[in-house]
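Visitor: Quick check, what structure comes out for this input:
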Amino acid sequence: MALQLTAKALTPFCVDEMVSLHNSLKTRFGGNVCARCTSDDLKKTGFTCPNNICHNWLAGIKAESATSQFCWKNTTVSLWPQHPWQIAQCLMGAGQDPSNTNPNKTDPGGKLHLVINCGRFHPPPVVLLPSRNYIDIEKVKEVIHDLIQRCSFVVKVITL
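Guide: The predicted structure is shown next:
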């Protein structure tokens, strides 16, 4: 139940960031769709989209990645210019179900992986909160990683 609540709370946060990222990429690369390129094409070294679309979007998405994680299995290249969640799916772990076509169908682990793998969710290493308490962002990422690895998703008392 706690995991479901966490996933529900993460959804609007993740959607807002992915829409922001998508709008930024769309401003840079346009919203034209390419129906010619596939994931296999883009994986090839030196490949350039014949319509001059897909390789630009790929470079933009990879530039936003906080890790080297990039999952081809979860995404459809031709949908990047039109659907922000297709970009999110690139940055999730490989274990997503094929029916993961929107934020409400994404499992909690996928959303947590998105937070870890997308640079948009990574503020400076230390954040000063209004209460003057500091949060160690690296510690937060460590806790999220530990939660993903555990079956119980139980968090013990931890000072962040």
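Visitor: Name the nearest residue to Lys105, ignoring sequence neighbours.
Guide: In this structure, Lys105 finds its nearest non-sequential neighbour in Ser99, 5.6 Å apart by C-beta to C-beta, 6 or more residues apart in numbering. (Glycine included, C-beta is placed from N, CA and C.)
Visitor: buried residues in stretch 73-89?
Guide: The neighbour-count criterion (16 or more other C-beta atoms under 10 Å) identifies 74-75, 77-78, 80-81, 83-89 as the buried residues of stretch 73-89.
Visitor: Output these in TSV; the columns should cover pLDDT, secondary structure and distance to Ala9.
Guide: Putting the buried residues of stretch 73-89 into TSV (pLDDT from 0 to 100; DSSP: H, G, I helix; E, B strand; the rest coil; distance: C-beta to C-beta, whole Å) gives the following:
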residue	pLDDT	secondary structure	distance to Ala9
Asn74	81	coil	22
Thr75	85	coil	24
Val77	90	helix	30
Ser78	91	helix	32
Trp80	93	coil	27
Pro81	94	coil	29
His83	94	coil	23
Pro84	94	helix	19
Trp85	93	helix	17
Gln86	92	helix	23
Ile87	92	helix	21
Ala88	92	helix	16
Gln89	90	helix	20
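Visitor: now, which of these sits nearest Asn23?
Guide: Taking C-beta to C-beta as the measure, Pro84 is the one of the buried residues of stretch 73-89 closest to Asn23, at 8.1 Å.
Visitor: ok, the closest one touching Ser24?
Guide: No. The criterion here is C-beta atoms under 8 Å, and Pro84 misses it with Ser24 at 10.5 Å.
Visitor: neighbours of the nearest residue to Leu10 once chain neighbours are set aside, just the number please.
Guide: The spatial neighbour of Leu10 that comes closest, neighbours along the chain excluded (C-beta to C-beta, 6+ apart), is Lys111 at 4.5 Å. By the other C-beta atoms under 10 Å criterion, the neighbourhood of Lys111 contains 22 residues.
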